[in-house]
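Visitor: Pasted the sequence and its predicted model underneath.
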Number of protein chains: 2
Amino acid sequence: MNFEFYNPTKMVFGAGVLSRLGEIVGQYGKKALIVTGGGSVKRSGTFAKAVESLAKAGITYAECSGVEPNPRITSVTRGAKIAREEGCDVIIALGGGSTMDASKVMAAAVLYDGDPWNLIGHGQADWHIPTKALPIITVPTLAATGSEMNGGAVISNAETKVKSFVKTSALFPKVALVDSELTLTVPKDQTAYGVCDIITHVMEGYFNGIDGTPIQDRWAEGVIINAMEYGRKAVADGSDLEARTQVQWASIVGLNGWVQAGVNTLSPMHMIEHALSAHHDITHGAGLAIVGPAWMRFAAKHRPQRFAQFAERVFGFSTEGKDDLELGLKAIDAYEEFLRNIGCPTHLSEVGIGDDQFEQYAKDAALVAHDNEGRLLARPAMTMDDIVGVLRSAL
Amino acid sequence: MNFEFYNPTKMVFGAGVLSRLGEIVGQYGKKALIVTGGGSVKRSGTFAKAVESLAKAGITYAECSGVEPNPRITSVTRGAKIAREEGCDVIIALGGGSTMDASKVMAAAVLYDGDPWNLIGHGQADWHIPTKALPIITVPTLAATGSEMNGGAVISNAETKVKSFVKTSALFPKVALVDSELTLTVPKDQTAYGVCDIITHVMEGYFNGIDGTPIQDRWAEGVIINAMEYGRKAVADGSDLEARTQVQWASIVGLNGWVQAGVNTLSPMHMIEHALSAHHDITHGAGLAIVGPAWMRFAAKHRPQRFAQFAERVFGFSTEGKDDLELGLKAIDAYEEFLRNIGCPTHLSEVGIGDDQFEQYAKDAALVAHDNEGRLLARPAMTMDDIVGVLRSAL
């Protein structure tokens, strides 16, 4: 274990804390750009509540609505332009992971004169990693990405069909204002995809990290156990505030760096999914439900012991009379069964993806995170054939 | 769960990272005050290595050595005076919890004109909670307190026999430089006391927090399980770098706020121990080994279910055919046995403390953290009689 950890985002967590938005934003600016997605925040009344709190604190605002799922660099450019023209000095991301990710890059793009796509890593020689950004306040309305409390963002380029990311300290939100009441209206399917996203974040480190991180192992298992338990409840009854709160808490700690500290995580499931959703615009969490179990069956052969630990500690399966691989595969089946039960797709055919572009997805998946033999960084590292094999097994 | 979380300390973790001290300090100042304890850092060569790294980066330094265990406010005053006279603009805490705690309050006292004892909460009407401090770099040489990555400090007043604390955001270190190699020379007894300190920090939240924090429960259990496993190894073989590293990691996460986020923790074991060590100058971790099991047997009667969960998940005891209290008491016995095995005292008589001042300790324990009936904040809240009863059971 040899690593650095830094996360200066202040978290304000609890049911009803949206009413504090104006007070908090006022510590960072006078005019906010409110960034939103497809309009659910207006239908649910969340937008009105946010604006009311801002007004009370004397904060004015401009608006950038319509950030799409799998947010595009064109939305980033558009939002940065509005912020500049309107003289905004603070950015409020009011929405899900897409809205938050786009907002972070907007905040950097406002202070950057070049093409915003330069800010995202996509294999270019001159990756201009942001060093400054307007203050960002995240207000998640969906429990999924953990974007509210980290310095990362995933952005797609519709022209080049590339979906990639940037992660750097300038993009840490100043404050994550996390109000679980806002997630009460999230529909069943999006709730389920969010739960899969949370679990997969934690699994990436758990299955692709270094050896010798026993505390982090226990923490990851704890998040997975609870995301499954309360995720099931939140899908069954969306109005269950306790379940919503636990799922949102799992979302935050799933990707704010605590569980992954020192783990040196790699993210093959995410990289493969990004390639799929760049081409097909499926919901990220749904894509992960398809890629996850398929990748796990591939990885279990190479590291059966770890998957047996997963089986024993997360599912409580008895180790008696079973070899590690057998036990691990049984746990993967149980996990896939859980995903199906909460309503996630687990096969490519369910989302209308066939095998005709598998080679391209494999190439795209390894674009940013590959070793010097071109293999996708993972445990074990994956050749193009390995990736195609995993995709084929998920057909 | 309704809470705020903020921890801006950057952590640099790993064997050998002390060599980066100069580079890191140089980001915050030009002349450092190096604060040390009883001299072990000089005997071990750590001080020389630190100074060498500073010299390479062109950083000069002044020195405040001799901070005692259970650090006194007089040491804080002395250190702040040196820093002022020598024009230091950054503070390096090179030592254990006492050194780090004293350094934090020195950093605030340098910028405060009043009596430094005002900075510590001790029931006074005009608690001057620090709002600014010189930049602080912590370099722990002992795995115990978690002080390296939090904004808290515990200071004693030898005149008034009061030991109390301050915890505020101005006291967060800028960087915690955590080099597990530095702990290789810690003697067996101090190693064991440190392990007890780590475990007790986590137990305070686990046994005295609110209900409904299932992820935090799992995390606390994970830290306790590993602190016991690697603590035992580190005591058995001080040169086991892997064990030292895991224990140090447990120390950090035991008190940097991650495990306790949202838990609303109370700290009765610490409060009672502080009262003891203010009067008797015993090592904090040794005092906790005495108070801990005694307090747990008291608390288990009031919350048997939680102690049964502890028994099942931490010790793997089967719940079959046992009631919760029986199971919980069995786990407390096992925990006490663990403490004795690694060399901790578990009775007051072992450290020469009798029952003649029990009433005074009880009063002191409740001095800062009490409800409006004067009971020590805990789960359940403790009357003076309850505290005396716990102390009596530990004789």
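Guide: Nice, I can see it.

Visitor: switch to C-alpha atoms for all contacts and neighbour counts from now on
Guide: OK.

Visitor: my guess is residue A:259 meets residue A:250, correct?
Guide: No: using C-alpha atoms under 8 Å, residue A:259 is not in contact with residue A:250, being 10.5 Å away.

Visitor: So if I had to pick from the two, which one is more boxed in?
Guide: Each of residue A:259 and residue A:250 has its neighbours counted (other C-alpha atoms under 10 Å in any protein chain shown); residue A:250 has more, 28 against 25.

Visitor: Within the helices and strands, which one has that one?
Guide: Using DSSP states H and E, residue A:250 sits within helix A:241-255.

Visitor: what about the residue nearest in space to the middle of chain A, distance to residue A:259?
Guide: With distances taken as C-alpha atoms, centre = their mean, residue A:145 lies nearest the centre of chain A, 2.9 Å away. Per C-alpha to C-alpha, to the nearest Å, residue A:145 is found 14 Å from residue A:259.

Visitor: Over to residue A:308?
Guide: Separation of residue A:308 from residue A:259 (C-alpha to C-alpha): 20 Å.

Visitor: can you map out the helices along the stretch 1-150 of chain A?
Guide: Ranges of helices in the stretch 1-150 of chain A, per DSSP state H, counting those that start in this stretch, are A:21-25, A:40-43, A:46-56, A:73-86, A:97-109.

Visitor: nearest to chain B, of these?
Guide: Closest of the helices of the stretch 1-150 of chain A to chain B is helix A:21-25, at 12.4 Å (criterion: C-alpha to the nearest C-alpha).

Visitor: Show me which residues of the stretch 251-395 of chain A sit near chain B.
Guide: Residues of the stretch 251-395 of chain A lying close to chain B by C-alpha under 8 Å from any C-alpha of the partner chain are residue A:258.

Visitor: in the stretch 251-395 of chain A, what residue is nearest chain B?
Guide: For the stretch 251-395 of chain A, C-alpha to the nearest C-alpha, closest residue to chain B: residue A:258, 7.4 Å.

Visitor: Give me the neighbour count for that residue.
Guide: Other residues close to residue A:258 by other C-alpha under 10 Å number 20.

Visitor: helix or strand for it, which one?
Guide: Judged by DSSP H and E, residue A:258 forms part of no helix or strand.

Visitor: what's it in contact with, if anything?
Guide: By C-alpha atoms under 8 Å, 6 or more residues apart in numbering or on different chains, the residues touching residue A:258 are residue B:258.

Visitor: residues making contact with stretch A:3-14?
Guide: A:149-150, A:169, A:172-180, A:245, A:256-257, A:261-262, B:1-14.

Visitor: Repeat that for stretch A:386-395.
Guide: Contacts with stretch A:386-395, where a contact means C-alpha under 8 Å, 6+ apart, come from A:272, A:290-291, A:294-295, A:298, A:346-349, A:353-355, A:358-359, A:362.

Visitor: May I see the buried residues of the lengthiest helix in chain A?
Guide: Across chain A, the longest stretch assigned as helix under DSSP state H is helix A:214-236. Counting neighbours by 16 or more other C-alpha atoms under 10 Å in any protein chain shown, one finds that the buried residues in helix A:214-236 are A:215-228, A:230-235.

Visitor: Also stretch A:83-93?
Guide: Neighbour-count burial for stretch A:83-93, counted by 16+ other C-alpha under 10 Å, picks out A:83, A:88-93.

Visitor: Stretch A:201-217 now?
Guide: Buried residues in stretch A:201-217, counted by 16+ other C-alpha under 10 Å: A:201-209, A:213, A:215-217.

Visitor: for stretch A:151-159, same thing?
Guide: Neighbour counts over stretch A:151-159 (16+ other C-alpha under 10 Å) mark A:151-158 as buried.

Visitor: and it, how far from the chain's centre?
Guide: 12 Å (C-alpha atoms, centre = their mean, to the nearest Å).

Visitor: Export stretch A:212-231 to CSV, keeping only CA atoms.
Guide: The C-alpha atoms that make up stretch A:212-231 are tabulated as CSV, following Å, rounded to 0.1, in the frame of the first residue of the first chain:
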residue,chain,number,x,y,z
GLY,A,212,-3.1,-6.9,0.9
THR,A,213,-5.9,-4.5,1.6
PRO,A,214,-7.9,-6.4,4.2
ILE,A,215,-9.7,-3.4,5.7
GLN,A,216,-10.7,-2.2,2.3
ASP,A,217,-12.0,-5.7,1.5
ARG,A,218,-14.3,-5.6,4.5
TRP,A,219,-15.5,-2.1,3.6
ALA,A,220,-16.3,-3.1,0.0
GLU,A,221,-18.2,-6.2,1.2
GLY,A,222,-20.1,-4.0,3.7
VAL,A,223,-21.2,-1.6,0.9
ILE,A,224,-22.2,-4.4,-1.4
ILE,A,225,-24.2,-6.2,1.3
ASN,A,226,-26.1,-3.1,2.1
ALA,A,227,-26.6,-1.8,-1.4
MET,A,228,-28.2,-5.2,-2.2
GLU,A,229,-30.4,-5.2,0.9
TYR,A,230,-31.6,-1.6,0.7
GLY,A,231,-31.5,-1.5,-3.1
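
Visitor: what's near enough to touch residue A:162?
Guide: Each residue near residue A:162 by C-alpha under 8 Å, 6+ apart is listed here: A:122, A:156, A:275, A:278, A:364.

Visitor: Out of those, list just those in strands.
Guide: When strands are assigned by DSSP state E, the members of these inside them are residue A:156.

Visitor: Could you rank the contacts of residue A:162 by neighbour count and give me the top one?
Guide: residue A:156 (27 neighbours).

Visitor: what about the closest residue to that residue other than its chain neighbours, how many residues close to it?
Guide: Leaving aside its sequence neighbours, residue A:156 sits nearest to residue A:163 (C-alpha to C-alpha, 6 or more residues apart in numbering or on different chains; 4.0 Å). Neighbour count for residue A:163, taken as other C-alpha under 10 Å: 29.

Visitor: does residue A:163 sit in a helix, a strand or a coil?
Guide: With DSSP: H, G, I helix; E, B strand; the rest coil as the basis, residue A:163 sits in strand.

Visitor: quick one, phi psi at the residue of the stretch 251-395 of chain A closest to chain B?
Guide: When read as degrees, to the nearest 10, the backbone of residue A:258 gives phi -70, psi -50.

Visitor: From residue B:104, how far out is it?
Guide: 24 Å.

Visitor: Kindly report the same for residue A:108.
Guide: Applying C-alpha to C-alpha, the value for residue A:108 to residue B:104 is 34 Å.

Visitor: So the two - more neighbours on which side?
Guide: With neighbours defined as other C-alpha under 10 Å, residue A:108 and residue B:104 compare such that residue B:104 has more, 31 against 24.

Visitor: For the more buried one, give its distance to chain A.
Guide: Separation of residue B:104 from chain A (C-alpha to the nearest C-alpha, to the nearest Å): 19 Å.

Visitor: pretty sure that residue contacts residue B:171?
Guide: Yes: Residue B:104 is within contact range of residue B:171, at 5.8 Å (criterion: C-alpha under 8 Å).

Visitor: interface residues of the stretch 1-150 of chain A facing chain B?
Guide: For the stretch 1-150 of chain A, the contact set with chain B under C-alpha under 8 Å from any C-alpha comprises A:1-15.

Visitor: try 6 Å
Guide: Residues of the stretch 1-150 of chain A found near chain B (C-alpha under 6 Å from any C-alpha of the partner chain) are A:1-6, A:8, A:10-14.
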